[in-house]
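J.: structure for this input, please:
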Amino acid sequence: MAQAVETRINIQLLGPEQGLPSRNTRSLSQDGRGFMWVGTGQDLWRYDGYTFQNFTGMLTRSIGGSTLINQMRTDPAGNIWLAHNNGVSIVDPINLTCVTIDPSRHIKGVDSKQNLNIFFDKNHNAWVAISAGRLVKIDKNHVPVALYTPPAGPELSLSAESQVSRLFSDRQRNLYAYMGGNSLDVIDQKANFIRRVNLAGPEQFASQYQVASVVQSGTDAITIYYKQSGKGKGQMRQYSFINQTFGPIMEADAPFIPDFIYQDSKGYAWYNAKKEIGFLNQKTGQFTALTTRLRQKSGASIFFFATFLSTDDSFWISCVDGLFKITLTEEVFKKYLSVPLEKPGDIGSSIRGITEDSSGRIWVCSYGFRADSMAYMFHQIDPITARARHMVLHRPKSIPGEHVIPYKVLFAKDQVYAVTDGTQFIKIEPETEQYYPVEFPFVSGRGFTSFYKLNDHTFWMGTWGGMAMIDTRNLKPVLFNDRAGRYIKNERVNHFTPWTGSRTLVSTTNGLYILNQDATIQEHYGQGAADKIKLPALQIFHSVWYNKALWAGSTQGLIRIDTTLKNARLFTTEDGLPDNNIYASLPDQRGNLWLSTNKGLSRLNTNTQKFYNYGISDGLPHTEFNHGSYLKSKDGTLYFGGLNGIVAFDPARMDTSAQKERGLELISYSKFNAGQNKADTVINHQSDSQIVFNPGDRLFAFSFMSPDYHNTALNRFRYRLDGWDDDGWHMFENGNKLLLNSLPPGTYTLRVQVSVAGADWGVQEWQAAVKVITPWYKSPWFFILCTLSIGFLIYLFYRYRLGQVLQIQRIRNGISADMHDEIGSTLSSITFYSQALLMQIDKAEHQQVVQKIKENAQQVQEGLSDIVWSVKAGSDEIQDVFARMFHFGSGLAESKDIAFHFETDKLLEKMKLDMQTRKNLYLIFKEAINNAAKYAECSALDVDINYDNGTVTMVIKDNGKGFDIANIKRGNGLANMQQRAAQMKGKLTIQSRQMSGTTITLAF
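T.: The predicted structure is shown next:
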């Protein structure tokens, strides 16, 4: 048989502190997305579990002015309907649009714009209550189509204030309108009156009972509540729509007569009247009244305007003092040494050590639990009776000393020992509450951290700086830091675990050690090069072998170690943990590990590797637990100590089957628009549309909610961005807000999951395509356009240069032609006339002068030929230069009977020379050949032209008589050669010795 559990009631009053400016809330409802809507007189607000957002402007724009909201309802499609003094408004919660209907403009007989209430029938038509008990039917197309006016009669007194307050329907789609009193009108779908039901019954019954309220009871029945004259508690009976019959009179099922009853999914029925609230546990039949608690919370008497049961079974109440949210959870945790706290950040008695003796009693060490105006630090708990004995330890009067703060209790047969929160080891006599100090050498660090019972009389103790040991037979302590050998030294020891082969596994701030029976180290798991198992974290608080794996709680999460495969996996908050500081991991018999953290308890199903978390709303007295403060008792009960006492529970009795799977909604997203220097926010994003950000946008913010309002502080969100370099899951760092500084251009898929109130990550995901537009200057089309433009400019420049070259060539050809035709012909004429004159002159001295004129003219004509050749276009390739050089050299050598050798490098075949370089190269060559032919008296002349590493080298060598370079008289020829080499940015060298020939080298 299942054990009955108590119900934990969590009440929260929302008001200005949560962003709701007015406490006077008059109406409320929940839309199809899960958002709560609240009407505060003339204002309309939406609540997402985190903040209130004002949508009054959307309503007033639709109406054309302000109005008074009378009632708020949700239609079957999830839209919010508002009845107000200017008609009826319908809010689309997806597109966040509002349309207003004025029934008085559509139907004759509707003489007022004031609409009081809204109901929906099974055909999804709306029926709007107006004055005098009338109803306006609005069809599914939001068009007013009919008016129901109740007929007058002696059993029903109508006035302008008469109003339909309940509207029921049966399976035949007939409607049943109740407006107070003893009558119930039956209406058809065309708004026609069918009949009137007298709810009071026969005259004899009506004389004793008066109808007080009518509520829906099943599909085809209602429950009628009566007040009996002279009696406080009411009566009730059912009326069947199908049979048109009444059931027997029974005593009312609640201490007050409800106006509405709501059935939640957990077996609770919520009852509310104008000034009374309560709930009925339908499993146990126990009714719990909440009115007094609500008054204490608000500080004054309360009138309840509207109530609503949201889809997560939260019960909401609107009143003049704000908006109440009430949630119910089963009380699954027993609490010891805890006290009520005013604020979540407050602390009570901090629990240090928890130990069990052989009789099953629990021994607890604390920091000052106050009872009877005293502070106690040593406690004894009887789990059967739940009674606690509080003690203050003191020394016997014969031994001077102060009170001590015990840290952990040790048992050796019938003796009780303890280590303190300092460096003391003490023996305790519980009957007298006296303790006796045991001499112990100085413990490195700040004292003891843990202990381990090695056998009946020997204890190992962990310290802040190593290990100690004591034998209770002689009480002679040992510090292993003082021993030579492989011991744990100068490291904090946090926990001892029995290991295979009579060995012990020790959790430290430097990983895990396996110790032999003599406390020497056999093996180490850590991050060293020699460690066979590498751990992702070193600061280990606790370890346990469970379900074929070693589990270690650390400061960075929970580590699962496979000792066979020699690998380890780290679980963190991104996997579902509430916090990464894991102080203890205690196993149950159903495959779960229970973890104490700094943010509540967590349950890990080691088979599915899913987490479920527990917080304040689940009954924890505090969410921050302590290191070393845990116990699994012999009967399987788990104990965890924290900053406000102890929580204890039997995991076998815990319901671990419940899954909290809720939807996920985007509240809004925003970006910083760099172009306009402002933030843009979108609140009506369509779920199937793409989110587009422009180039330069940054500081992206996405806000999410889940329609589970039990404890939004425990809701956690994580995301992944498919298409990003790192596509793993990441936790939100700002509650329900995802902040991204920037995104590079591209298309992504943003995926978000929620963990509701400590549950595992939900299966449902919110997804949206996110596109960041590439800046125009980084787009492919811009690159193509730039490439084409650059190519076109290069082409234009090429054509321009080509035109210039052609123009220069034309000019050069014109100059060469002019020089050849004008100057060349003139020089030819001088030569011709000189020769003619020589033939006519007889005197030798006159012939010498004319002969000189002829020779000079021939030299000028020859030089002019070289100039014309160098200027003329079409001879820029080096091969043309080589051809002219060979022609000149071979002709001159042949006339002088000199053997001429001319050789060029094939790598020079495609080289082109500019006009200046071509001219200087040829003239240097010509000058060198002329000098060799005239003065060297050589018989052989070699010319080699080579190309190497970008340098052209011309070597002209003869085997003539040579000359002394130091004594040579430098004429115009050699100077011109050096000058031309400099113009070519080259280097000219001359090597010669008498009777050893001459070598001229030009490099450019």
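J.: span of stretch 473-484 from start to end?
T.: 24 Å (CA to CA, to the nearest Å).
J.: pull out the buried residues from it.
T.: Pro477, Val478, Leu479, Phe480, Asn481 (16 or more other CB atoms under 10 Å). Backbone N, C-alpha and C define where each C-beta goes, glycine included.
J.: what does stretch 410-419 give?
T.: Result for stretch 410-419 [16+ other CB under 10 Å]: buried residues Leu410, Phe411, Ala412, Val416, Tyr417, Ala418, Val419.
J.: need the residues that contact it.
T.: Residues from elsewhere that reach stretch 410-419 (CB atoms under 8 Å, 6 or more residues apart in numbering): 355, 357-358, 363, 365, 406-409, 425-430, 435, 447-448, 451, 453, 456-457, 459, 461, 472.
J.: buried subset of these, written for ChimeraX?
T.: Here is the ChimeraX command that picks out the buried ones among those, judged by 16+ other CB under 10 Å:
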select :355,363,365,406,407,408,409,425,426,427,428,430,435,447,448,451,459,461,472
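J.: out of the contacts of stretch 410-419, which sit inside helices?
T.: Per DSSP state H, helices hold no members of the contacts of stretch 410-419.
J.: Asp346: neighbour count?
T.: 12 (other CB atoms under 10 Å).
J.: how near is it to Thr623?
T.: 12 Å (CB to CB, to the nearest Å).
J.: pull up the overlap in contacts between these two.
T.: Counting by CB under 8 Å, 6+ apart, nothing touches both Asp346 and Thr623.
J.: look up which residues are beta-bridged to Phe448.
T.: Per DSSP bridges, the residues bridged to Phe448 are Thr463.
J.: wouldn't it be in contact with Thr463 here?
T.: Yes. If you go by CB atoms under 8 Å, Phe448 and Thr463 touch, sitting 5.7 Å apart.
J.: just the contacts of stretch 410-419: which are in strands?
T.: 355, 363, 365, 406-409, 425-429, 435, 448, 451, 453, 459, 461 (DSSP state E).
J.: can you find the helix or strand in this structure with the smallest mean pLDDT?
T.: One helix or strand of the chain scores below all others by mean pLDDT, DSSP states H and E: helix 824-840, with a mean of 63.
J.: report the contact partners of Asn931.
T.: By CB under 8 Å, 6+ apart, Asn931 lies in contact with Gly973.
J.: actually Pro258, not the one I typed
T.: Applying CB under 8 Å, 6+ apart, the residues near Pro258 are Ser213, Val215, Tyr225, Tyr271, Asn272, Ala273, Glu276.
J.: now it. Nearest residue, chain neighbours left out?
T.: Once flanking residues are discounted, Pro258 sits nearest to Tyr271: 4.0 Å by CB to CB, 6 or more residues apart in numbering.
J.: now swap in Tyr709 and tell me
T.: Nearest residue to Tyr709, sequence neighbours excluded (CB to CB, 6+ apart): Ser314, at 4.7 Å.
J.: do you know how far that neighbour is from Leu908?
T.: Distance from Ser314 to Leu908, counting by CB to CB: 93 Å.
J.: of those two, who's got more company?
T.: Neighbours per residue, other CB under 10 Å: of Ser314 and Leu908, the larger number sits with Ser314, 22 against 17.
J.: the more buried one touches Leu323, doesn't it?
T.: No. Judged on CB under 8 Å, Ser314 makes no contact with Leu323 at a distance of 11.2 Å.
J.: verify the contact between Asp575 and Asn613 for me.
T.: No. Contact criterion CB under 8 Å: Asp575 and Asn613 do not qualify, at 11.8 Å.
J.: residues contacting stretch 104-120, please?
T.: When contacts are defined by CB under 8 Å, 6+ apart, stretch 104-120 is touched by residues 70-71, 73, 75-76, 81, 83-88, 102-103, 126-131, 134, 136, 143-147, 149, 163-165, 167.
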